[in-house]
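>>> Here you go, sequence then predicted model.
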Amino acid sequence: LSAVCRACSLLPVCGGGHHVHRYRADGSGFRNPSVYCPDLASLVRHVHRQVAADTARLRRLPPVPEACP
């Protein structure tokens, strides 16, 4: 992985992106961020915000009654 990826807080989620999307013919090979890095970061942040909002909303709901026997 590139130094950019190793320093990124989103690495545990995206894993650096798909291997083939990191290749460059300039001699650096696969030691580059994914060409989709900005899009992946945007998607991961959007999903995180949405899940956090949904979780907070669900925690405010009254508890579900127990099922009848």
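Structure's in. What do you need?
>>> and residue 51, how many neighbours?
Other residues within reach of residue 51, judged by other Cβ atoms under 10 Å, total 10. C-betas here are computed from N, CA, C, even on glycine.
>>> where's the nearest residue to residue 14 once chain neighbours are set aside relative to residue 34, distance?
With Cβ to Cβ, 6 or more residues apart in numbering as the criterion, residue 14 has its nearest non-adjacent residue at 4.9 Å, and that residue is residue 40. Relative to residue 34, residue 40 is positioned 6 Å away (Cβ to Cβ, to the nearest Å).
>>> ok, the residue nearest to residue 14 to residue 19 distance?
For residue 40, the distance to residue 19 (Cβ to Cβ) stands at 14 Å.
>>> what about those two, which has more around it?
The neighbour comparison of residue 40 against residue 19 (other Cβ under 10 Å) goes to residue 40, with 20 against 11.
>>> May I have the phi/psi pair for the residue nearest the centre of the chain?
The residue lying closest to the centre of the chain (Cα atoms, centre = their mean) is residue 44, at 3.4 Å. The phi and psi torsions at residue 44 (degrees, to the nearest 10) take the values phi -60, psi -40.
>>> Tell me where the chain has helices.
In the chain, helices defined by DSSP state H lie at 3-6, 11-14, 37-59, listed in chain order.
>>> Dump those helices to CSV, plus distance to residue 27 and mean pLDDT.
Converted to CSV, the helices of the chain look like this (distance: least, Cβ to Cβ, whole Å; pLDDT from 0 to 100):
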stretch, distance to residue 27, mean pLDDT
helix 3-6, 16, 96
helix 11-14, 24, 95
helix 37-59, 20, 96
